[in-house]
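Asks: generate a structure from the sequence data that follows.
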Amino acid sequence: MTVEERYSINTGKIQTFGVADYTITVSMLVASAAIGVFYVIKDRHHSNVNEYLLGGRRMHYIPVSMSLLVTYLSALSLLGAPVEVYRNNTMLFWFGISVAVGCAVVGRIFLPFFYQLGITNVFQYLEKRFDKRVRTLTLTCFLIQALFYTSVVLYAPSLAVSAVTGFNVWVIVIVMGAVSTIYTAMGGMKAVLWTDTLQGSIMIIGCIVLVIKGSAAVGGFSVAWAIAENRSRIKIDEALGINAVGYILVYILLVMVGVIMFAFYSDCHPVSFSIIDKDDQLLPLMVMDILGDVPALPGLIISSILCGSLRYMLFLRVS
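Replies: I've put the predicted structure just below:
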């Protein structure tokens, strides 16, 4: 069987995980939980509120930088950004730039101010600036918003991943929630930062691998770009959404994945042909089509999606 003959657009069937893929995914989850357990054991004799919530204010700049980089990169970004390009155009590129500019402004203006006040979140500042009622109101609004958004961040990727793993979607939801709770609650901020570093690295590597293999599958990225341009998917001049270099890099990769996705499925939309049920399952489908014959790589990509869910749930808890 040739490579093309195993694609879902030719067979009408979705490839599923192999042993190596399950190994990679489970290893990521186990490693994330193990980081929390490690810091429970390491800091058991000198743990206090400052160590638990702030990492003692002496963490290395690499995990701190990586944590900031992936703070807003949820699984919805990994699943949704390529599909946005696939269905519409590449204007999403400007979102990455706008967030990078926003990070620079926050880092230079707001964070130094909060740091000098010795507070750990904006809700503390609101209580100092106004009163406890304002803090309670804003915190309540945030928690309500977080409850609804976290449900989507966890359910949508679990639904997509279930398509290529065969696991029940609720099993994935429960496992993800349990792993995230374990390393966040047990290890504190140190575990959060180092887990962010692990998961952020997996997310970036996953995007790069998908761009490289996806480009090869459609004859090169220039070919994918030409196909997308000929069908009005390449647009970068309709918006003024100029929103850290790392964030731009990730969104460039996601836009590239979206361009490749459009080129790959340009003549056969998988939802229209009933190969998948929802657009949220497009990325896992493309992963299995392009990387299904390479052991472990599909597991790496799917792990990067799961990392996005774990990362955002963690962000909500430490907020």
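
Asks: spell out the residue ranges of the helices in the protein.
Replies: According to DSSP state H, the chain carries its helices in the segments 8-11, 19-42, 49-54, 61-70, 75-87, 93-105, 111-117, 122-129, 132-165, 169-217, 221-230, 245-264, 282-291, 297-318.

Asks: among those helices, which is nearest residue 274?
Replies: When these are ranked by proximity to residue 274, the top entry is helix 8-11, at 10.9 Å, counting by CB to CB. Where you see a C-beta, it was placed from the backbone N, CA and C, and this is true even at glycine.

Asks: can you redo the helices of the chain as a markdown table with mean neighbour count?
Replies: Below are the helices of the chain laid out as a markdown table (neighbours: other CB atoms under 10 Å):
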| stretch | mean neighbour count |
| --- | --- |
| helix 8-11 | 15 |
| helix 19-42 | 18 |
| helix 49-54 | 14 |
| helix 61-70 | 18 |
| helix 75-87 | 23 |
| helix 93-105 | 18 |
| helix 111-117 | 11 |
| helix 122-129 | 14 |
| helix 132-165 | 17 |
| helix 169-217 | 20 |
| helix 221-230 | 17 |
| helix 245-264 | 23 |
| helix 282-291 | 26 |
| helix 297-318 | 24 |
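
Asks: of those, which approaches residue 271 most closely?
Replies: helix 282-291 (7.9 Å).

Asks: what's that closest one packed up against?
Replies: Helix 282-291 sits against helix 8-11, helix 75-87, helix 132-165, helix 169-217, helix 245-264, helix 297-318, with contacts defined as 3 or more CB pairs under 8 Å, 6 or more residues apart in numbering; DSSP states H and E.

Asks: one step back: out of the helices of the chain, which gets nearest to residue 273?
Replies: With distances scored as CB to CB, the stretch of the helices of the chain nearest to residue 273 is helix 8-11 (7.3 Å).

Asks: so what touches that closest one?
Replies: Contacts of helix 8-11 from elsewhere in the structure, counted by CB atoms under 8 Å, 6 or more residues apart in numbering, are 4-5, 14-15, 265, 267-268, 270, 273, 275, 285, 288-289.

Asks: ok, and the closest non-adjacent residue to residue 125?
Replies: On the basis of CB to CB, 6 or more residues apart in numbering, the spatially nearest residue to residue 125 that is not a chain neighbour turns out to be residue 119, at 5.6 Å.

Asks: and residue 268, how many neighbours?
Replies: Counted with other CB atoms under 10 Å, residues neighbouring residue 268 total 14.

Asks: dump the residue contacts of it.
Replies: For residue 268, the set of contacting residues under the criterion of CB under 8 Å, 6+ apart consists of residue 9.

Asks: separation between it and residue 10?
Replies: 9 Å (CB to CB, to the nearest Å).

Asks: what do you get for residue 158?
Replies: Residue 158 sits 28 Å away from residue 10, taking CB to CB as the criterion.

Asks: returning to what we had before: quick one: which of the helices and strands packed on helix 282-291 is nearest residue 63?
Replies: Among these, if distance is taken as CB to CB, the winner is helix 169-217, at 4.0 Å.

Asks: helix 282-291 and the closest one, what's the angle between them?
Replies: Here helix 169-217 runs at 50 degrees with respect to helix 282-291, directions being taken by axes from the mean of the first three to the mean of the last three CA atoms, to 10 degrees.

Asks: if we can go back for a sec, among the helices and strands packed on helix 282-291, which comes closest to residue 26?
Replies: Shortest separation from residue 26 across those is recorded for helix 297-318, at 8.7 Å, computed as CB to CB.

Asks: who's in contact with residue 231?
Replies: Taking CB under 8 Å, 6+ apart, one finds 262, 266 in contact with residue 231.

Asks: go again with 7 Å.
Replies: Residues counted as contacts of residue 231 (CB atoms under 7 Å, 6 or more residues apart in numbering) are residue 266.

Asks: and for residue 205?
Replies: residue 300.
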